[in-house]
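Visitor: Sequence first, then the predicted structure, then my questions.
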Amino acid sequence: MSDAPKLRLGTRASPLARWQADWVRDQLIAAGIDVEMILITTEGDQQTSQPLGQIGGQGLFTKEIQRRLLAGDIDLAVHSLKDLPTLPIDGLSLAAVPEREDTADILIGPAGTSLATLPSGAKIGTGSLRRKAQLLHARADLEILDIRGNVDTRLRKLDEGQYHAIILAAAGLKRLKLDDRMTERLEAPLMLPAVGQGALGIESRSDDPTTRKLLAPLSHAPTLQAVIAERSLLAALRAGCLAPVGAHAQVVDGQLTLAAVVLSIDGQSRLFASLTSAPADAAQLGEEVAELLRQQGATELLASSRGNRLD
Ligand SMILES: NCc1[nH]cc(CCC(=O)O)c1CC(=O)O
């Protein structure tokens, strides 16, 4: 009989979610902790054809896992931080945020495809208003079409010829060893990532300090500070992960810089703001950048995009 501590880990069953959960499990096992994996189906996994923006509600990929965590069926939940709503849930807390993967978005198409040389009217597959608005800001002539499904499903739809190109996060492609599908990196100022993109959020119950203590060593301080700034910005804008908001924070030489954009869905209007602070002031930095964006009219832009999304 081993008396090593044992934790029950809850995750979605998609290949990317499994990779992420397995990575967390391996870290815990290396620290001498036994892990039992529990696969959980979420609303977002069941509804695979409707555009995400039309299903409505935040936390489609996280709610059921959080319910099981609150019920005590699991001890920790591993989420893509990008999919985890910023609104705190009573009884749950973010126990650890490991070091972030590549935060960039990637344009994927046949060899030689680039945003600059796509033909006029080219069909681009993405379900994200943030990606859509930033693409249209650069190339108003593109036709942005919805796409759903796991990473492999989206690549198959591209290969079937439904789109000239699609956009996916570099983080997911790298984790799934699909680096060879990356055609062009899209980075700031053209494309700012989603809040939390490339990072994992590991959640536990607030009344479970034992698990929290076991998870704490998995956290990476500069990543945690960066995502606190990004999530504080999103919360201060009262926006969700489906809003046309891009943000990227980074600790460089001991200073935390947060840059953010808010766009209209047609890409015609684009607001930008950026500030630097001490990493310890991450939450305040997010609020201050949100305030700069509000002074430029972000509240009105987001209100007008709300008619077109349902989160
Ligand atoms: N919304 C789905 C989702 N959630 C997290 C990732 C990728 C991994 C990450 O950004 O951490 C993806 C797929 C994508 O946007 O390409």
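Guide: Received the coordinates, thanks. Remember, predicted model here, so these are calculated numbers, not experimental data.

Visitor: can you give me the strands in the protein?
Guide: 6-11, 34-39, 76-80, 92-96, 105-108, 123-125, 143-145, 165-169, 184-186, 200-205, 245-252, 255-263, 270-277 (DSSP state E).

Visitor: Given the longest one, what are its sheet partners and their directions?
Guide: Here strand 255-263 is paired, per DSSP bridges, with strand 245-252 (antiparallel), strand 270-277 (antiparallel).

Visitor: pLDDT of that strand, averaged?
Guide: For strand 255-263, mean pLDDT is 98.

Visitor: Ok, the first one next?
Guide: Summarised as a single mean, pLDDT over strand 6-11 is 97.

Visitor: Report all helices and strands that it contacts.
Guide: helix 15-30, strand 34-39, helix 63-70, strand 76-80 (3 or more Cβ pairs under 8 Å, 6 or more residues apart in numbering; DSSP states H and E). In short, each C-beta sits where N, CA and C put it, glycine included.

Visitor: strand partners of the last one, parallel vs antiparallel please.
Guide: Spelled out, it's strand 76-80. When DSSP bridges is applied, strand 76-80 pairs with strand 6-11 (parallel), strand 200-205 (antiparallel).

Visitor: Just the residues contacting it, thanks.
Guide: Under the criterion Cβ atoms under 8 Å, 6 or more residues apart in numbering, residues 7-11, 16-17, 20-21, 24, 61-62, 65-66, 68-69, 95, 196, 199-204, 211, 215 lie in contact with strand 76-80.

Visitor: Extract the C-alpha trace of stretch 85-93 and format it as CSV.
Guide: The C-alpha trace of stretch 85-93 is given here as CSV (Å, rounded to 0.1, in the frame of the first residue of the first chain):
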residue,chain,number,x,y,z
PRO,A,85,-14.8,32.8,-17.4
THR,A,86,-13.3,35.6,-15.3
LEU,A,87,-16.4,35.7,-13.0
PRO,A,88,-15.3,34.0,-9.7
ILE,A,89,-17.3,31.0,-8.7
ASP,A,90,-18.1,30.7,-5.0
GLY,A,91,-16.2,27.8,-3.5
LEU,A,92,-13.6,27.5,-6.4
SER,A,93,-10.2,29.1,-6.8
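
Visitor: Show me how far it is from its chain's centre.
Guide: 16 Å (Cα atoms, centre = their mean, to the nearest Å).

Visitor: For it, list every residue counted as buried.
Guide: Buried residues in stretch 85-93, counted by 16 or more other Cβ atoms under 10 Å: 85, 86, 89, 92.

Visitor: what's the closest of those residues to residue 260?
Guide: Taking Cβ to Cβ as the measure, residue 260 lies nearest residue 86 of the buried residues of stretch 85-93, at 13.7 Å.

Visitor: residues contacting the residue nearest to that closest one when sequence neighbours are not counted?
Guide: Leaving out its chain neighbours, the residue that sits closest to residue 86 by Cβ to Cβ, 6 or more residues apart in numbering is residue 235, at 4.2 Å. By Cβ under 8 Å, 6+ apart, the residues touching residue 235 are 86, 87, 286.

Visitor: Would you mind checking which of the buried residues of stretch 85-93 is nearest to residue 156?
Guide: Among the buried residues of stretch 85-93, and counting by Cβ to Cβ, the member closest to residue 156 is residue 85, at 29.2 Å.

Visitor: Tell me which residues touch that closest one, please.
Guide: Going by Cβ under 8 Å, 6+ apart, the list of residues near residue 85 reads 58, 59, 62, 240, 241.

Visitor: tell me, how many neighbours does residue 140 end up with?
Guide: 10 (other Cβ atoms under 10 Å).

Visitor: Kindly state the pLDDT recorded for the residue lying closest to it once chain neighbours are set aside?
Guide: Spatial nearest neighbour of residue 140, excluding adjacent residues (Cβ to Cβ, 6+ apart): residue 267 at 6.4 Å. What the model reports for residue 267 is a pLDDT of 96.

Visitor: So residue 267 is in contact with residue 133, correct?
Guide: Yes. With contact defined as Cβ atoms under 8 Å, residue 267 reaches residue 133; the gap is 4.8 Å.

Visitor: who's more crowded, the two?
Guide: residue 133 (26 against 19).

Visitor: Surely that one and residue 245 touch.
Guide: No. The pair residue 133 / residue 245 is not scored as a contact, 9.2 Å apart, by Cβ under 8 Å.

Visitor: Please enumerate the shared neighbours of those two.
Guide: Common neighbours of residue 133 and residue 245 (Cβ under 8 Å, 6+ apart) are residue 263.

Visitor: returning to that earlier point: could you dump the strands of the chain to a markdown table with distance to the ligand?
Guide: Supplementary listing: the strands of the chain in a markdown table, determined by distance: least, Cβ to the nearest ligand atom, whole Å:
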| stretch | distance to the ligand |
| --- | --- |
| strand 6-11 | 13 |
| strand 34-39 | 17 |
| strand 76-80 | 4 |
| strand 92-96 | 15 |
| strand 105-108 | 8 |
| strand 123-125 | 11 |
| strand 143-145 | 15 |
| strand 165-169 | 4 |
| strand 184-186 | 12 |
| strand 200-205 | 7 |
| strand 245-252 | 12 |
| strand 255-263 | 17 |
| strand 270-277 | 21 |
